[in-house]
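1. here is a sequence together with a model predicted from it:
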2 protein chains.
Amino acid sequence: MFIQIEPQSDIPIYEQVTRQIIEGIARGEMKPGDTLPSVRNLAADLGVNMHTVNKSYHELEEKGIITIRAKSGAIIRSTEERALTPEQLQQIEKNLKPVVAEGMVLGATAEQIEYMMKKVFADLQIPAEGV
Amino acid sequence: MFIQIEPQSDIPIYEQVTRQIIEGIARGEMKPGDTLPSVRNLAADLGVNMHTVNKSYHELEEKGIITIRAKSGAIIRSTEERALTPEQLQQIEKNLKPVVAEGMVLGATAEQIEYMMKKVFADLQIPAEGV
DNA sequence: ATATTTGTTATATAAACAATATAACAAATA
DNA sequence: TATTTGTTATATTGTTTATATAACAAATAT
């Protein structure tokens, strides 16, 4: 698995798992329809407790990114299934706000922040073939 | 004071205070050189404990946004004093990443996310006179 | 059909974090 | 000189994070 846990981080383990799975999907390393590893398997892989991974999966379900089929497994939802709601758009804006505000106050220009955004995009997007 | 606390939020109170002060500075409601209210005064205003506000101020100092003069007060640093370091730029990028990734996975296009960024900018920036 | 794997639920424990409550100190300010 | 300031210390409470076991019942594999 591509997930790397930093035990010393101030970000909770379950949140690290959630973020890295989201990044993995964004990068195209995991596609809609794919099944996530079982909570027990992933937990064993990462050397953490089953419940920690379980919490992460439920967070992903709450965000609308996966579907958990009880006693079967967790599946990544298709982009069609997870139609972007106005509430989700608003949530993204809410998440964006403190980051941008801090950047501005620290003296970053709009151009610098937009440039970083583009860098993040390039890092996340599926690498176009041959480019 | 312009700070509004949501006690039910999953964001800690001290973090809410930190963010809203940053947004206040970004908006120009508070300028470099201005003194923040004393921890006791702001705490009384918000109806929270002195230590909660104190924790927020120290978070702001760690971020390089204010200077705390022991036994005197907390002052907002000037943009020159808080020269944007490469580490700070990298931190902003690190903060940006999970937000952008989540947006993408939820189906937001690059254009949608950039549009939201611009909205946040417009909301934060000092309103240009007469415009 | 049986055994294994799955997510779910329950209980318990420990550590860290968030928030409050008091109190006292010593320097800065009024 | 009295008040205000950030600092430090101690204590308590509740929540969150993370782990550890265990059992259940449905889904899947053999």
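-> Structure's in. What do you need?
2. give me phi/psi at the residue lying closest to A:Leu124 once chain neighbours are set aside?
-> Closest residue to A:Leu124 apart from its sequence neighbours, by C-beta to C-beta, 6 or more residues apart in numbering or on different chains: A:Ala26 at 4.4 Å. Just so you know, the C-beta spots here come from the backbone N, C-alpha and C atoms, and that holds for glycine as well. Main-chain dihedrals, A:Ala26, degrees, to the nearest 10: phi -60, psi -40.
3. for A:Ala26, give its distance to A:Gln125.
-> Here the criterion is C-beta to C-beta, to the nearest Å. By it, A:Ala26 lies 7 Å from A:Gln125.
4. mind checking which of the two has more residues around it?
-> A:Ala26 (24 against 13; other C-beta atoms under 10 Å in any protein chain shown).
5. domain ranges for chain A, per the record?
-> A:13-76, A:86-124 (automatic domain parsing).
6. run through the residues of chain A sitting next to DNA strand C.
-> Residues of chain A that fall close to DNA strand C, judged by C-beta under 7 Å from any atom of the strand: A:10, A:36, A:38-41, A:50-51, A:54, A:57-58, A:68-74.
7. elements contacting the one helix or strand in chain A whose mean pLDDT sits lowest?
-> Lowest by mean pLDDT, DSSP states H and E among the helices and strands of chain A is helix A:110-124, with a mean of 93. Applying 3 or more C-beta pairs under 8 Å, 6 or more residues apart in numbering or on different chains; DSSP states H and E, we find helix A:110-124 packed against helix A:13-27, helix A:86-105, helix B:86-105, helix B:110-124.
8. just name the most buried of these.
-> helix A:13-27 (a mean of 21; mean count of other C-beta atoms under 10 Å in any protein chain shown).
9. now it and helix A:110-124, what's the angle there?
-> 80 degrees (axes from the mean of the first three to the mean of the last three C-alpha atoms, to 10 degrees).
10. so, low pLDDT: which residues of chain A?
-> Within chain A, the set of residues satisfying pLDDT under 70 comprises A:1, A:126-131.
11. can you tell me the closest non-neighbouring residue to the residue of chain A found nearest DNA strand C?
-> Closest approach between chain A and DNA strand C, counting by C-beta to the nearest atom of the strand: A:Ser38, at 3.3 Å. Once flanking residues are discounted, A:Ser38 sits nearest to A:Gly73: 6.6 Å by C-beta to C-beta, 6+ apart.
12. next, the one you found: phi, psi?
-> Dihedral angles for A:Gly73 - degrees, to the nearest 10 - are phi 170, psi 180.
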